[in-house]
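Engineer: With the input below, show me the fold.
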Amino acid sequence: MRFCPLSWMVLCFVVTATLPSVSQSNTPPFPQNPPLQQKPGPENESRVRMEREMAKKANRARQADLKRDTEKLLKLATEQKVLPASVRAM
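Structural biologist: Numbering: from 1, shown residues only. From the prediction side, this is the model:
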């Protein structure tokens, strides 16, 4: 008995359609734990305030670094434009 191309396509479709359901049935379900909630209170507020201040300080440091690096890059680019081509080739 010979299968025609249509029969092969149907057979492949059935096999591939059932594979995901078989592989999913073997995995355990994802645990449904409730998220941990922090107790409200002054220590939580102070922690949030401290984290916010730390984030602001880190942002200021990054901005200062970016400004310093930009100034260095501008200085190097300006020096390269001023130098003669023979010196730049070295």
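
Engineer: now the helices: where do they sit in this protein?
Structural biologist: Listed in chain order, the helices found in the chain under DSSP state H are 5-25, 42-82, 85-88.

Engineer: Roughly how far does Ala77 sit from Pro42?
Structural biologist: In this view, Ala77 and Pro42 are 52 Å apart by CB to CB, to the nearest Å. C-betas here are computed from N, CA, C, even on glycine.

Engineer: So the two - more neighbours on which side?
Structural biologist: The neighbour count for Ala77 versus Pro42, taken as other CB atoms under 10 Å, is higher for Ala77 (10 against 7).

Engineer: so where's this structure uncertain?
Structural biologist: When residues are selected by pLDDT under 70, those of the chain lie in 1-3, 19-40, 83-90.

Engineer: switch to 80 and redo it
Structural biologist: For the chain, residues meeting the criterion pLDDT under 80 lie at 1-42, 81-90.

Engineer: Stretch 68-76: which residues count as buried?
Structural biologist: By neighbour count on 16 or more other CB atoms under 10 Å, the buried set for stretch 68-76 is empty.

Engineer: Kindly export that stretch (C-alpha atoms) in CSV.
Structural biologist: Provided in CSV are the C-alpha atoms of stretch 68-76 (Å, rounded to 0.1, in the frame of the first residue of the first chain):
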residue,chain,number,x,y,z
ARG,A,68,33.2,63.7,31.8
ASP,A,69,33.5,61.1,29.1
THR,A,70,31.8,63.4,26.6
GLU,A,71,34.2,66.2,27.4
LYS,A,72,37.2,63.8,27.0
LEU,A,73,35.9,62.6,23.6
LEU,A,74,35.3,66.2,22.4
LYS,A,75,38.8,67.1,23.5
LEU,A,76,40.3,64.2,21.6
